[in-house]
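Novice: how does the following fold in three dimensions:
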Amino acid sequence: SSDLITIEAKTTEGTIYWYSEPTGSNLIAVGTSITRDIAVNTTFYVEAVNKKCTTGTRVPVEVVVYKLPIIPDEKLVICKSNKRTIEAKISETGMTYLWSTGETTQAIEISKDGIYTVDITRAAPESCTVRKTITVVENPDPIIESIAVDGATVTIILENPAIYYEYSIDGINYQSSNVFLNSPAGFQTASVREINGCSNTSENFIVLNMPTFFTPNNDSYNDFWEVKGLNNYPDAVVTIFDRYGKLITQLNASITKWDGTFNGSFLPTDDYWYVLKIDATSPEKRGHFALKR
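Specialist: Numbering: from 1, shown residues only. As a prediction, the model looks like this:
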C-alpha cells in the first residue's frame with residue numbers, strides 16, 4: 001500500500017547516484033538511500049561513481065507495491081453467559097492469522113466481552129499484514145424505572161435508557177420509541193428487550209379510559225359513560241358533577257359506569273365534570289365530558 005519507504009543500495013567504492021530513468025541526466029538523489037512515498041510499482045536506477053569514473057551502467061531497483069485488503073473494524077454484541085464466533089472475514093490461499101488470544105484460525109469462539117485483534121498476513125512474496133479490531137460488548141439488561149400513563153398515552157421510563165432497547169405494550173409489536181399513543185384501556189404489560197435478544201424485562205400497568213362523551217339513547221352504542229380499567233383499583237373513586245357543582249353520582253371498582261340519570265330521571269344534554277382519586281395518597285385528576293341525547 002502507499003507508504004513512506006526507504007530504499008538502500010550499497011557499493012564497495014564510490015558514491016551512489018539515484019535516477020528515475022535508465023538514461024539521461026534526471027538525477028533524483030545522491031547517497032546510500034532514498035525515502036519516498038510510493039503508491040504504485042516504481043523502478044529506480046542506481047549508478048556508482050568513484051572519482052568521476054563510472055561503469056556507465058545503471059542498475060534497476062524495483063519497488064513492488066501490494067494493495068492491502070480493506071478490512072473494516074467491527075463492533076459486536078455478546079449475550080451474557082453465551083459464546084460467540086468472531087472471524088477475520090477474509091480468506092485467501094496461503095493467508096495466515098494471528099489473534100490477540102494466540103489462536104491462528106480464520107474464526108475463533110469467545111465467551112466474554114473485550115477488544116480482540118487479528119493480524120492477517122498474505123502469503124509470500126507479498127507477506128503484507130493488516131490488523132482487524134473487533135470490539136465485543138455486553139449490553140446491560142433493561143431496568144424499568146416507571147410507567148407513566150396520561151390518558152391513553154403510555155411512556156415506559158428506563159433507569160438505563162439506550163438505543164439498543166425496544167419497547168412493546170402487547171408483547172408482539174416492538175418499537176424504538178418508548179412512547180405509545182392510543183393505548184387500550186385496562187390491564188396491560190410493558191415489555192422492553194435488548195435488540196439482539198440478549199435480555200428483556202416486563203412490568204404490568206393499568207390504563208384508565210375517560211371517555212370525552214356518551215349518548216345514553218338505548219341504541220347499545222355509547223349508552224354509558226364508563227371508566228374502563230377502574231375495576232383494577234379497589235380504592236378508586238370517580239365523582240361526577242354537573243356544571244353547577246351538584247353531585248350527580250360516584251363510580252368505583254364495583255360500579256364503573258353511569259347511565260346519564262339522576263334519581264331515576266334522564267339528565268339533559270350538557271357538559272359534566274369528574275374528579276378521579278385512585279387512592280388516599282394519589283393526586284386528584286379532573287376533567288369533563290359531554291352527555292349527548
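
Novice: show me what the nearest residue to Ile78 once chain neighbours are set aside is bridged to.
Specialist: Nearest non-adjacent residue to Ile78, counting by Cβ to Cβ, 6 or more residues apart in numbering: Arg84, 4.7 Å away. The way it works is simple: take the backbone N, C-alpha and C, and place the C-beta from them, glycine included. Judged by DSSP bridges, the bridge partners of Arg84 are Ile110.

Novice: ok, now Ile156?
Specialist: Assigned bridge partners for Ile156, using DSSP bridges, are Ile147.

Novice: check contacts around it.
Specialist: When contacts are counted by Cβ atoms under 8 Å, 6 or more residues apart in numbering, Ile156 touches 144, 147, 167, 169, 178, 180, 190, 192.

Novice: and stretch 19-27, how far out from the chain middle?
Specialist: Centroid displacement of stretch 19-27 relative to its chain, using Cα atoms, centre = their mean, to the nearest Å, is 58 Å.

Novice: count of neighbours near Thr117?
Specialist: Thr117 is flanked by 14 other residues according to other Cβ atoms under 10 Å.

Novice: quick check: it is in a helix.
Specialist: No: looking at Thr117 with DSSP: H, G, I helix; E, B strand; the rest coil, it is strand, so not inside a helix.

Novice: surely it and Thr135 touch.
Specialist: No: between Thr117 and Thr135 there is no contact under Cβ atoms under 8 Å: 9.9 Å.

Novice: picking that back up, any idea how far the residue nearest to Ile78 is from Asn41?
Specialist: 41 Å (Cβ to Cβ, to the nearest Å).

Novice: these two: which is more packed in?
Specialist: Taking neighbours as other Cβ under 10 Å, Arg84 and Asn41 compare with Arg84 leading, 15 against 10.

Novice: can you pull the contacts of the more buried one?
Specialist: 76, 78, 109-111, 136.

Novice: tell me which of the residues you listed is nearest to Thr249?
Specialist: Ile78 (59.0 Å; Cβ to Cβ).

Novice: tell me the pLDDT at the closest one?
Specialist: Looking at Ile78, its pLDDT stands at 97.

Novice: which stretches of the protein have low pLDDT?
Specialist: Counting by pLDDT under 70, the chain contains low-confidence ranges at 1-3.

Novice: residue contacts, Val49?
Specialist: Residues near Val49 by Cβ under 8 Å, 6+ apart: 14-17.

Novice: actually Val130, not the one I wrote
Specialist: So Val130 contacts 68-69, 71, 119-120 (Cβ under 8 Å, 6+ apart).

Novice: now swap in Ile169 and tell me
Specialist: Residues in contact with Ile169 (Cβ under 8 Å, 6+ apart) are 154, 156, 180, 183, 188-191.

Novice: tell me the contacts of the closest residue to Ser111 other than its chain neighbours?
Specialist: Of all residues not flanking Ser111 in the chain, Lys83 sits nearest, at 4.9 Å (Cβ to Cβ, 6+ apart). Contact analysis of Lys83 by Cβ under 8 Å, 6+ apart lists 109-111.

Novice: try Lys112
Specialist: For Lys112, the contact set (Cβ under 8 Å, 6+ apart) comprises 78, 136, 138.

Novice: go through these and name the one nearest Thr54.
Specialist: Taking the contacts of Lys112 together and measuring to Thr54 by Cβ to Cβ, the closest member is Val136, at 60.8 Å.

Novice: quick check: that closest one touching Asp113?
Specialist: Yes: if you go by Cβ under 8 Å, Val136 and Asp113 touch, sitting 4.8 Å apart.

Novice: shared neighbours, the two?
Specialist: Ile78.

Novice: how about the contacts of Arg84 in JSON lines, adding neighbour count?
Specialist: Listed next are these as JSON lines, based on neighbours: other Cβ atoms under 10 Å:
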{"residue": "Leu76", "neighbour count": "15"}
{"residue": "Ile78", "neighbour count": "20"}
{"residue": "Glu109", "neighbour count": "11"}
{"residue": "Ile110", "neighbour count": "19"}
{"residue": "Ser111", "neighbour count": "9"}
{"residue": "Val136", "neighbour count": "17"}
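
Novice: in TSV: those, plus distance to Thr239.
Specialist: Below are the contacts of Arg84 laid out as TSV (distance: Cβ to Cβ, whole Å):
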residue	distance to Thr239
Leu76	57
Ile78	55
Glu109	65
Ile110	62
Ser111	60
Val136	58
